[in-house]
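Asks: Build the 3D model from these lines:
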Amino acid sequence: MTKTIEFKGCCLCGAVTFEGEAPNEPVSSCHCKQCRQWGSGPFEAYSVPLADLMFTSGEDTVKYYESSEFARRGFCSKCGSNLFWHADRHPQWKDRIAIAVGTLEQPTGLTAGNHIFCATKGDYYEIEDGRPQYAHED
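Replies: A predicted model of the protein is given here:
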């Protein structure tokens, strides 16, 4: 049986708060151009089943930017914090949401996992932590 963790998180200003309990899966680091443009570096994400994410406040404050033909990026409309990546129109991933790890309360209990979209990573850094690297998604 997969171990689960409880998580709580919020945006920078605290207008959006959320929590849940989900499988303890490794954090992925996405190096695609969109993620780097969105957050000025790799997007560190904890992917959970969408049904496991519950808003405790500010759900109506979350706004989404349609960043591709199959995914959207959620942010706080008050402080601009990057919160979620959701492939809501992708058949394989529509029932999962990637939470920006920096929004989660410490300690998270999470561990670092794979690097994805390394083929398009920025030229200003190297990936030297020994974690698995994939040219595209894992």
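
Asks: Any buried residues in stretch 61-69, and which?
Replies: For stretch 61-69, the neighbour count (16 or more other Cβ atoms under 10 Å) marks 61-62 as buried. Backbone N, C-alpha and C define where each C-beta goes, glycine included.

Asks: no no, stretch 89-107
Replies: Using 16+ other Cβ under 10 Å as the test for burial, stretch 89-107 gives 93, 96-101, 103-104.

Asks: ok, now how distant is the nearest residue to Ser68 once chain neighbours are set aside from Glu59?
Replies: Computed as Cβ to Cβ, 6 or more residues apart in numbering, the closest residue to Ser68 that is not its neighbour in sequence is Gln34, at 7.2 Å. Taking Cβ to Cβ, to the nearest Å as the measure, Gln34 and Glu59 are separated by 24 Å.

Asks: what do you get for Gly14?
Replies: According to Cβ to Cβ, Gly14 and Glu59 sit 14 Å apart.

Asks: Repeat that for Glu126.
Replies: Counting by Cβ to Cβ, the gap between Glu126 and Glu59 amounts to 39 Å.

Asks: So for these two, which residue has more residues nearby?
Replies: When neighbours are counted by other Cβ atoms under 10 Å, Glu126 and Glu59 differ, and Glu59 comes out ahead with 12 against 8.

Asks: Phi first, then psi, for the more buried one.
Replies: Backbone dihedrals for Glu59, given as degrees, to the nearest 10, come out at phi -60, psi -40.

Asks: Identify the nearest residue to it in space, disregarding sequence-adjacent positions?
Replies: Counting by Cβ to Cβ, 6+ apart, the nearest residue to Glu59 once its immediate chain neighbours are dropped is Val16, at 7.4 Å.
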